[in-house]
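[1] Using only what follows, build the 3D model:
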Amino acid sequence: MINKVVSNVKVAIQDIKDGDTLMLGGFGLCGIPENCIAALVEKGVMKLTCISNNAGVDDFGIGLMLQKRQVKKMISSYVGENAEFERQLLSGELEVDLIPQGTLATRCMAAGYGMPAIFTPAGVGTEVAEGKEVRNFDGKDYLMEYAFNADFAIVKAWKGDTAGNLIYRSTSRNFNPVMAMAGKVTIAEVEILVEVGELDPDHIHTPGVYVHRIFQGSNYEKRIEQKTLSNKS
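    Numbers count the residues shown, from 1 in each chain. Take a look at the predicted model:
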């Protein structure tokens with residue numbers, strides 16, 4: 001078995017270079033690869049295309065990369081929590097491709113399955129369909145969307161083993177599994193790293209065959225985007 005374990009996050013991301021396309025797991029701030037994002041900010045890699053459900057917030061997640069102008073293009077579904085993202089979009093500094101959330105997930109899945117494209121009814125007859133092929137199946141129009149072609153997929157899991165098998169916890173299972181399948185190189189950061197055989201095979205969400213590098217992260221903040229508390233008297 002090839003040893004997939006790397007010593008730290010800097011080693012894990014060392015091959016990411018200017019102009020690469022990255023998939024980044026997470027939904028909002030839940031299940032995002034915090035350590036890898038911080039390391040990418042420190043490394044200063046530029047002109048990135050980022051495929052992510054969202055763009056983080058102004059001072060956390062991908063928002064940190066936007067502050068440093070490291071992102072050339074965002075391919076996302078929801079971006080409403082980031083004022084800097086909005087500013088860069090409206091000023092023309094940032095290319096943005098907004099995609100229906102289900103389409104985003106399915107294009108990731110298609111890449112993982114080795115499929116070149118999918119057909120979806122989402123977006124037919126809207127601006128989303130401009131310049132794209134539409135086919136009719138059984139009397140209904142479907143929009144053709146290409147599978148993503150990402151140089152790296154960066155995901156975060158709760159627990160993993162030295163063979164790269166991953167377990168996600170609760171809602172952090174969002175985009176991480178489909179993105180883990182889809183990158184040419186998949187980098188996984190985990191809270192807990194164990195030896196092969198210590199994970200229950202029935203609990204594994206991402207088989208190690210998809211993972212190329214894995215490391216144990218640290219100092220996770222696990223922020224909440226909008227924390228709301230009840231006012232109980």
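
[2] looking at the protein, which helix or strand does the model trust least?
    Every helix and strand in the chain was compared by mean pLDDT, DSSP states H and E; the lowest is helix 83-91, with a mean of 92.

[3] Which other helices and strands does that helix contact?
    Applying 3 or more C-beta pairs under 8 Å, 6 or more residues apart in numbering; DSSP states H and E, one finds that helix 83-91 contacts helix 62-67. All C-beta spots, glycine's among them, are computed from the backbone N, C-alpha and C.

[4] in the protein, which spans are helices?
    Using DSSP state H, the helices found in the chain span residues 9-12, 34-43, 62-67, 83-91, 101-113, 176-182.

[5] How far off centre is stretch 175-192?
    8 Å (C-alpha atoms, centre = their mean, to the nearest Å).

[6] Flag every buried residue along it.
    Buried residues in stretch 175-192, counting neighbours by 16 or more other C-beta atoms under 10 Å, are found at 175-183, 185-191.

[7] farthest pair in the residues you listed?
    With C-beta to C-beta as the measure, no two of the buried residues of stretch 175-192 lie farther apart than A182 and E191, at 22.4 Å.

[8] need the contact list for F137.
    For F137, the contact set (C-beta atoms under 8 Å, 6 or more residues apart in numbering) comprises F119.

[9] and it, bridged to which residues?
    K140 (DSSP bridges).

[10] Looking at it now. What's its pLDDT?
    Looking at F137, its pLDDT is 97.

[11] Over to M1?
    45.

[12] Next: the one 5 residues further on.
    With respect to pLDDT, V6 has a value of 94.

[13] is it true that it touches N35?
    No - using C-beta atoms under 8 Å, V6 is not in contact with N35; the gap is 11.8 Å.

[14] quick one, which of these two is more surrounded?
    Using other C-beta atoms under 10 Å as the criterion, V6 and N35 rank with N35 on top: 23 against 17.

[15] Local confidence estimate at that one?
    Predicted confidence (pLDDT) for N35: 97.

[16] And it, how close does it get to V128?
    According to C-beta to C-beta, to the nearest Å, N35 stands 34 Å off from V128.
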